[in-house]
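The sequence isn't on hand, but the structure is:
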């Protein structure tokens with residue numbers, strides 16, 4: 001995992017909150033959902049052995065959480 005990925009995800013979350021102005025919990029939920037989509041986009045890979053299912057590795061999610069904490 002690279003710090004660039006963590007930075008992209010942080011910017012997606014932060015951008016959603018800043019661009020829309022945080023007014024209530026709905027804004028925070030929107031920012032979080034944008035960040036989750038960016039996480040899936042950055043970390044997904046395909047399992048070609050059994051179709052074309054997209055997979056996320058839990059270990060990579062933990063790495064990302066660690067990187068986000070040190071940004």
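On my side now, so go ahead. This is a predicted model, so every value here is computed, not measured.

in stretch 58-71, what's buried?
60, 63, 64, 67, 68 (16 or more other CB atoms under 10 Å). Yep, even glycine has a C-beta here, placed from its N, CA and C like the rest.

which one of those is nearest residue 46?
The shortest gap between residue 46 and any of these belongs to residue 60, at 14.5 Å (CB to CB).

my guess is the closest one contacts residue 44, does it?
No. Applying CB atoms under 8 Å as the test, residue 60 and residue 44 come out as separate, 9.8 Å apart.

List the residues that contact residue 37.
Neighbour list for residue 37: residue 12 [criterion: CB atoms under 8 Å, 6 or more residues apart in numbering].

Distance from the helix or strand hosting it to the middle of the chain?
Using DSSP states H and E, residue 37 falls within helix 25-43. Relative to its chain's centre, helix 25-43 lies at 6 Å (CA atoms, centre = their mean, to the nearest Å).

Where does pLDDT dip in this structure?
Filtered on pLDDT under 70, the chain yields the residue ranges 1-2, 20, 52.

how near is the spatially most central residue of it to residue 50?
Residue closest to the average C-alpha location in the chain (CA atoms, centre = their mean): residue 39, at 2.6 Å. Distance of residue 39 to residue 50, given as CB to CB, to the nearest Å: 23 Å.

what's the answer for residue 23, then?
From residue 23 to residue 50 the distance is 44 Å (CB to CB).
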